[in-house]
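J.: give me coordinates for this.
(chains A and B)
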Amino acid sequence: QQQVKQSPQSLIVQKGGISIINCAYENTAFDYFPWYQQFPGKGPALLIAIRPDVSEKKEGRFTISFNKSAKQFSLHIMDSQPGDSATYFCAARQETSGSRLTFGEGTQLTVNP
Amino acid sequence: DTGVSQNPRHKITKRGQNVTFRCDPISEHNRLYWYRQTLGQGPEFLTYFQNEAQLEKSRLLSDRFSAERPKGSFSTLEIQRTEQGDSAMYLCASSRGQINTDTQYFGPGTRLTVL
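T.: Numbers count the residues shown, from 1 in each chain, chains lettered A, B, ... in the order given. This is a model prediction of the structure:
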């Protein structure tokens, strides 16, 4: 049962452009929504996270937009750089279920110079 | 660097053999998680520990899998009678166990190949 759906599967943008990755979830009990960045051969690293009581969170070039009624959230990467080329995973967690993270399928981002 | 470490980084084994992986969490992190990641997919939860107690196991964790965290420090994940379908990256993560903003920090993973 896929509880977090992520799109697109892959994304190519030009340097300086905006990268947008979308996720949708089913379980309304989820209460924490992190985004992870993963480079080849490395474990996922936390990029930015949001709780459902806010609609947007910005950290540097990275912004999460959250729509609780639609059960959707998205990652926006402004001024995308070649160093941002990586796989991005959205995730969701329900604290009362032991803090396990449920991940999306991932988006492979390529930023061309 | 005092991040999460995992050993070995790579393991190649023949079908039917037993393998054991080790995870050393960030010191003072009382929660430890194991995930499995197959190529092109997101990590899937396997199990987690609060200190030395194993509190939750996914149905993905068959009887051939066992995890321990003696003394609430490092953890081991053992797979008995490996099958080709066990080939994956096994990721360990740790966290402080804080309410509301508990960040999980991942290790580099152990890549298992079952021939």
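
J.: mind listing what residue B:18 touches?
T.: B:78-82 (C-beta atoms under 8 Å, 6 or more residues apart in numbering or on different chains). C-beta here means a position set from N, CA and C on the backbone, and glycine is covered the same way.

J.: repeat the analysis, applying 6 Å as the threshold.
T.: Counting by C-beta atoms under 6 Å, 6 or more residues apart in numbering or on different chains, residue B:18 touches residue B:80.

J.: so residue B:47, which state does it fall into?
T.: Assigned by DSSP: H, G, I helix; E, B strand; the rest coil, the conformation of residue B:47 is strand.

J.: so which residues on chain A come close to chain B?
T.: A:42-44, A:46, A:89, A:98-100, A:103-106 (C-beta under 6 Å from any C-beta of the partner chain).

J.: now those as TSV including pLDDT, secondary structure and distance to residue B:5?
T.: Shown next, in TSV, are those (pLDDT from 0 to 100; DSSP: H, G, I helix; E, B strand; the rest coil; distance: C-beta to C-beta, whole Å):
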residue	pLDDT	secondary structure	distance to residue B:5
A:42	90	coil	13
A:43	93	coil	10
A:44	95	coil	15
A:46	94	strand	18
A:89	97	strand	21
A:98	67	coil	24
A:99	76	coil	21
A:100	87	coil	22
A:103	96	strand	22
A:104	96	coil	26
A:105	95	coil	27
A:106	96	coil	24
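
J.: and the furthest pair within those?
T.: Across the residues of chain A next to chain B, the longest distance by C-beta to C-beta is 25.4 Å; it joins A:42 and A:98.

J.: is chain A contacted by the least confident helix or strand in chain B by mean pLDDT?
T.: Ranked by mean pLDDT, DSSP states H and E, the helix or strand of chain B with the weakest confidence is strand B:53-57, at a mean of 90. Yes - Strand B:53-57 lies within reach of chain A by C-beta under 6 Å from any C-beta, at B:55-56.
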